[in-house]
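In: Pasting the sequence and the predicted model now:
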Amino acid sequence: MNRFRNFAVMLVAVAVLTAGGGAALFAKSRDAARSVDASLTLYSGEGMQGEAVTVKKDIANFQSVQTRQGFDGTANDFAFSLRSIGRWQVCMDAGYRTDCLTVDGEMASLGERGGSISSARYIGPSLKKQAGTTPSGPASDGPAQTADWQPMYNVDLFGNDYRTITYDRPGQDWRSCKAACDGDRQCRAWTFVQPGRTDHGECFLKSPVPEAAESDCCISGIKGAASSKARTTSAPVTPSFVGHVYDTNFNDLTITSWTAAAVTGRYEYYGGRIEATFSGDTLTGYWLQETSPLTCGTARSGTQHWGRFTFVFNADRSAFTGKWGDCDDAPSQPWEGSLIRKAAAGGDVGSGSATPASQSAVPGVVRRIGDRAGDAAERSVGDEVERRVDKALGKLLGSD
């Protein structure tokens, strides 16, 4: 009996040692498989900006990692964008739990998960090198895109914006905008506005998918859509009308600059200015003022008094019809204009900038009266004098 008991104890001991050795061998095998370059970098801002914290081992709780900009001095709930070498799993709670997603490369925006990462662990080498994929967000958010995937060039998906990202450093492009949309469950489509209106471009995340319009300002995409046919050239740039002055609902509007990427202007109403792009016969963009009856919830180009507008010009650009709206509302109120002063010689072609025709504090309507009176003085006064004399005589005869 003792012999069998001793034999059973020996078997249990062997089993325990074998299991322990197997676990140890598995752990060693996993460590050996990890690339020496494998790392995960967390950034305190979107677009891989702000303070960077890099880890090269599994972190069950980012409260163990110190940072300067973390709200509690740690990397817990710190990251708004990520860059990985190898594939990493990041999770919203400590212990690799809750709403986990896989990162393989750059994720320029964590979207609604921003400021919520609490744990991360390495799960294997990058699949991009093996399959040529370029994942930019959670696999559950849409089909994997291949390296030759192309967006819709010269297309603006206008409206339905719920979030705007203004890039503040070089190197951000439509890929960063796409990554932000891929990483946000609410996002259904995106439009990247190329540098010109801002120094490094803007990204507009949209839901639902709006109507598409042709515009050389923009590059757009729809989440999960098939690749578009690449276009290597932009639409031709039409001649500029820098220096043109238009009489509008909001006093005089002067076109102050014109480039392939952007058109700007100033109008004499609460320090008004426009920032827009031109395609075909249509000017589309934003109006901005020092003040207005409605204050927007977010600032644009340094002011919270802004909105969208669209102008449609006639063939010779002597007039336009248009609409404007407050903040991100669709333009619906009339804004029309007619040309009262052309650009200086040579200003109607090419590109450049011009000083507004007048910086006078005199209200535009008063100045226009003076301009028109001057034009009238250049004409023959004979008929005008005769008309006034006839009118005066008529009154006198009528009073008899």
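Out: Great, that's in hand.
In: Give me the pLDDT for P334.
Out: With respect to pLDDT, P334 scores 95.
In: And for A354?
Out: A354 is given a pLDDT of 39.
In: Is the closest residue to K57 other than its chain neighbours bridged to anything, and to what?
Out: In this structure, K57 finds its nearest non-sequential neighbour in Y122, 7.6 Å apart by C-beta to C-beta, 6 or more residues apart in numbering. From N, CA and C alone the C-beta is placed, and that goes for glycine too. Assessed by DSSP bridges, Y122 has beta-bridge partners W88.
In: Next up, the contacts around Y122.
Out: With contact taken as C-beta atoms under 8 Å, 6 or more residues apart in numbering, Y122 is in contact with 34, 38, 40, 57-58, 86-88.
In: And G159, by the same measure?
Out: 206, 210-211, 328, 330.
In: mind showing which ranges of the stretch 1-150 of the chain have poor pLDDT?
Out: The stretch 1-150 of the chain contains residues with pLDDT under 70 at 1-36, 71, 129-148.
In: residue boundaries of the helices in it?
Out: All helices of the stretch 1-150 of the chain, identified by DSSP state H, counting those that start in this stretch, fall at 2-33, 128-131.
In: hang on, the earlier thing: reformat the contacts of Y122 as TSV; add distance to A226 and neighbour count.
Out: Output for the contacts of Y122, formatted as TSV (distance: C-beta to C-beta, whole Å; neighbours: other C-beta atoms under 10 Å):
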residue	distance to A226	neighbour count
R34	36	16
A38	33	20
L40	31	26
K57	39	12
D58	37	15
G86	29	20
R87	25	19
W88	28	23
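In: can you confirm A180 is in a helix?
Out: Yes. Applying DSSP: H, G, I helix; E, B strand; the rest coil, one finds A180 inside a helix.
In: confidence score at it?
Out: 85.
In: I'd guessed it sits against C203; true?
Out: Yes. If you go by C-beta atoms under 8 Å, A180 and C203 touch, sitting 5.8 Å apart.
In: so what sits against both of the two?
Out: Common neighbours of A180 and C203 (C-beta under 8 Å, 6+ apart) are 165, 190.
In: In terms of residue numbering, what are the domains of this protein?
Out: 39-139, 152-222, 245-359, 363-400 (automatic domain parsing).
In: of those domains, which approaches S228 most closely?
Out: Of all the domains of the chain, the one in closest proximity to S228, counting by C-beta to C-beta, is domain 152-222 (4.8 Å).
In: Can you give me the end-to-end span of that closest one?
Out: End-to-end span of domain 152-222 (C-alpha to C-alpha, to the nearest Å): 9 Å.
In: Now for S116, how many residues are close by?
Out: S116 has 18 neighbours, counted by other C-beta atoms under 10 Å.
In: Give the full set of residues in contact with it.
Out: 77, 92, 99, 110.
In: Settle this for me: P170 is touching H200, isn't it.
Out: Yes. Counting by C-beta under 8 Å, P170 does reach H200; the two are 6.1 Å apart.
In: neighbour-wise, which of these two wins?
Out: More crowded of P170 and H200, by other C-beta under 10 Å: H200, with 16 against 10.
In: if you skip the residues just before and after it, what's nearest to that one?
Out: Nearest residue to H200, sequence neighbours excluded (C-beta to C-beta, 6+ apart): Y167, at 4.1 Å.
In: Quick one: residues contacting that neighbour.
Out: Per C-beta under 8 Å, 6+ apart, neighbours of Y167: 47, 176, 198, 200-203.
In: among the contacts of G159, which two are most distant?
Out: Spatial extent of the contacts of G159 (C-beta to C-beta) is set by the pair E211 and D328 at 15.4 Å.
In: who has more neighbours, these two?
Out: Remark: of E211 and D328, D328 carries more neighbours, 19 against 9, as counted by other C-beta under 10 Å.
In: Neighbour-wise, which one of the contacts of S116 leads?
Out: Neighbour max across the contacts of S116 (other C-beta under 10 Å) = L110, 26 neighbours.
In: Pretty sure it sits against S81.
Out: Yes. L110 is within contact range of S81, at 6.4 Å (criterion: C-beta under 8 Å).
In: Quickly list what's touching both of those two.
Out: Residues touching both L110 and S81 (C-beta under 8 Å, 6+ apart): E46.
In: now the strands: where do they sit in the stretch 51-200 of the chain?
Out: Assigned by DSSP state E, counting those that start in this stretch, the strands in the stretch 51-200 of the chain fall at 81-91, 101-107, 119-124, 152-157, 161-166, 189-193.
In: No further queries at this time; thank you.
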